[in-house]
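Undergrad: Pasting the sequence and the predicted coordinates here, then a few questions.
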Amino acid sequence: MCYYRSVKIKNHDLLKLAGIERELSVLNIEALIADGFAYGNTPVVVAKADCGWEIVQMEWGFIPHYLPNRLAVNNFRRGYTDDNGKLHPPITTLNAIGEELLLPGKMYREAALKRRCLFISTGFYEWRHIFPMGKKGQPLKTAVKYPYHIRTKTTNEIHLTAGIWQSWTDRETGETVDTCALVTTKANKMMEQIHNSKKRMPCILTEALAGEWISDGLSEARIVELATFQYPSQEMEAWSIQKDFKTALDPLETFEYTDLPALEL
């Protein structure tokens with residue numbers, strides 16, 4: 001879930017959050033669709049060592065320390081078949097489950113305790129599963145998937161989502177990159193209807209909670225509280241879009257489906 005986000009910020013705009021005024025053109029950010037499975041860079045906010053916040057680029061897709069090189073990372077992300085013919089399915093670390101961040105043994109625990117960040121987005125995409133009725137009046141086993149674009153109702157259209165990060169070093173080349181994962185939480189009333197297969201949503205934070213998320217000195221209990229925060233349905237909006245939105249000229253354009261029930265808001 002939430003593997004596709006929109007970062008529709010024009011190069012001449014400024015992001016003004018907690019005193020930050022930095023031209024986004026420096027980071028060259030202008031994407032209608034940020035595809036998580038491309039494992040490219042994404043803009044995130046982190047706390048500066050001295051004071052304040054700063055915007056940096058990180059590779060979206062948390063890389064655990066134990067992976068020794070890029071080949072191992074690619075196998076981890078894409079899946080592979082070993083020399084014995086055993087298939088190893090891909091492991092996706094684009095998202096981290098908020099309720100499980102601090103569980104013992106979880107790869108995200110240390111990052112959640114020490115390295116928290118904020119994803120910058122202007123919206124995200126999700127699919128609603130509708131099971132059509134068959135000739136005998138029973139729901140068919142295969143659902144029809146309808147894509148939606150979802151965003152917060154804010155004046156600047158930007159929202160901040162909880163994230164975690166850590167540095168990873170390729171032990172063969174010495175390359176070091178900062179990698180990150182977006183935190184998800186249980187769906188609110190609106191998102192339960194849209195992402196009705198898993199009922200999850202990004203852990204979108206208010207500006208006050210966002211500042212707290214990347215501050216020092218949080219207890220484990222408070223980290224979990226913030227990581228499971230549900231942004232209110234009434235402060236969000238969503239609309240159906242074309243099924244081929246990823247290749248459309250305007251992926252945000254509304255598309256009405258005659259067989260799609262309206263959301264109950």
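TA: Perfect, thanks for sending it. Just so we're clear, the structure is a prediction, and the values are computed from it rather than from any experiment.
Undergrad: Tell me which residues of stretch 164-176 come out buried.
TA: Within stretch 164-176, the residues scored as buried using 16 or more other C-beta atoms under 10 Å are 164-166, 168, 170. C-beta here means a position set from N, CA and C on the backbone, and glycine is covered the same way.
Undergrad: Likewise for stretch 231-249?
TA: Buried, per 16+ other C-beta under 10 Å, within stretch 231-249: 231, 233, 236, 238, 240-242, 245.
Undergrad: could the residues you listed be laid out in JSON lines, adding distance to Tyr125, pLDDT and secondary structure?
TA: Compiled in JSON lines, the buried residues of stretch 231-249 are given as follows (distance: C-beta to C-beta, whole Å; pLDDT from 0 to 100; DSSP: H, G, I helix; E, B strand; the rest coil):
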{"residue": "Tyr231", "distance to Tyr125": "16", "pLDDT": "97", "secondary structure": "coil"}
{"residue": "Ser233", "distance to Tyr125": "18", "pLDDT": "96", "secondary structure": "helix"}
{"residue": "Met236", "distance to Tyr125": "14", "pLDDT": "95", "secondary structure": "strand"}
{"residue": "Ala238", "distance to Tyr125": "10", "pLDDT": "96", "secondary structure": "strand"}
{"residue": "Ser240", "distance to Tyr125": "11", "pLDDT": "97", "secondary structure": "strand"}
{"residue": "Ile241", "distance to Tyr125": "8", "pLDDT": "96", "secondary structure": "strand"}
{"residue": "Gln242", "distance to Tyr125": "11", "pLDDT": "96", "secondary structure": "coil"}
{"residue": "Phe245", "distance to Tyr125": "7", "pLDDT": "91", "secondary structure": "helix"}
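Undergrad: Now for these: which two are most distant?
TA: Using C-beta to C-beta, the two most remote members of the buried residues of stretch 231-249 are Tyr231 and Gln242, lying 25.5 Å apart.
Undergrad: which residues of the stretch 1-150 of the chain score low on pLDDT?
TA: 1-33 (pLDDT under 70).
Undergrad: just the strands in it please.
TA: 4-7, 14-15, 22-23, 31-35, 41-47, 53-60, 80-81, 87-88, 95-97, 116-121, 123-130, 144-152 (DSSP state E, counting those that start in this stretch).
Undergrad: want to throw those into TSV with mean neighbour count and distance to Ser197?
TA: Formatted as TSV, these follow (neighbours: other C-beta atoms under 10 Å; distance: least, C-beta to C-beta, whole Å):
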stretch	mean neighbour count	distance to Ser197
strand 4-7	21	15
strand 14-15	16	33
strand 22-23	13	38
strand 31-35	18	20
strand 41-47	21	24
strand 53-60	19	22
strand 80-81	12	27
strand 87-88	10	24
strand 95-97	21	14
strand 116-121	26	21
strand 123-130	20	5
strand 144-152	19	9
